[in-house]
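Undergrad: 3D, please:
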Amino acid sequence: MSISARIRALSPTDDMTALTKLIRAAYAERAANNLRYWATHQSVEDTVSRYAMGQGLIAESNGQIVGTLTVRPPQADSQVAAFRQPAAWTLAQFGVLPEFRGRGVGRQLHDAALAHAQANGGRIIALDTAAPAVELIEMYHRWGYRIVGECDWRPHTNYLSVVMAQEIASHRQPEVSR
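TA: Alright, predicted model coming up:
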């Protein structure tokens, strides 16, 4: 059953310890499957640093934070070619609490990230995920992404990543509340 989450920008008053716990909880299943995403072990300082690289987005349902995502502007110095493109924005630390998955929260966060990127000149949205995470890759395919490369973040992770991207559609995307 879908829910309508409120998507808002990260606020200076948001609790970074609580958000780090949310991110780790969102990635706990990956860790249990021996996929060492950075999000499975990141510190509070890592969370703060990763949000500072772009615009943090928060999903709330009935006053509870249930998901988060960071959308990052083009990264001229990235080791990933797709992330260096001048109009390419990227998604990072994208997580939804397990009990809220499959209810549209992730898609709402994603659509808000696309809207933010598009409003700031983005024409491409890109991401990376673990090559062994077949179900995530399939979901991103359904959302319009295609594999455009690979990257290796080891030792922060323990796997090879696939890089996926799509053009940002010109149709109007939902806006993020401030």
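Undergrad: which helices and strands sit right next to the longest helix seen in the chain?
TA: Counting residues, the longest helix in the chain under DSSP state H turns out to be helix 16-32. Under the contact criterion of 3 or more C-beta pairs under 8 Å, 6 or more residues apart in numbering; DSSP states H and E, helix 16-32 touches helix 44-52, strand 64-72, strand 88-96. C-betas here are computed from N, CA, C, even on glycine.
Undergrad: possible to save these as CSV with mean neighbour count, mean pLDDT and distance to V163?
TA: Output for those, formatted as CSV (neighbours: other C-beta atoms under 10 Å; pLDDT from 0 to 100; distance: least, C-beta to C-beta, whole Å):
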stretch, mean neighbour count, mean pLDDT, distance to V163
helix 44-52, 15, 97, 18
strand 64-72, 22, 98, 14
strand 88-96, 24, 97, 9
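Undergrad: N33: which of those is closest?
TA: strand 88-96 (15.1 Å; C-beta to C-beta).
Undergrad: tell me which strands that closest one pairs with, and in which orientation.
TA: Looking at strand 88-96 with DSSP bridges, its partner strands are strand 64-72 (antiparallel), strand 124-130 (parallel).
Undergrad: can you redo those strands as a markdown table with distance to I23?
TA: Converted to a markdown table, the strands paired with strand 88-96 look like this (distance: least, C-beta to C-beta, whole Å):
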| stretch | distance to I23 |
| --- | --- |
| strand 64-72 | 7 |
| strand 124-130 | 15 |
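Undergrad: touching stretch 11-24 from outside, list them.
TA: Residues outside stretch 11-24 that contact it (C-beta atoms under 8 Å, 6 or more residues apart in numbering) are 39-44, 46-48, 56, 58, 65-68, 93, 95, 97.
Undergrad: again, only this time at 6 Å
TA: Identification of contacts with stretch 11-24 by C-beta atoms under 6 Å, 6 or more residues apart in numbering yields A39, V44, T47, V48, Q93, G95.
Undergrad: closest to P132 out of those?
TA: A39 (15.5 Å).
Undergrad: surely that closest one is within a helix?
TA: Yes. Under DSSP: H, G, I helix; E, B strand; the rest coil, A39 sits within a helix.
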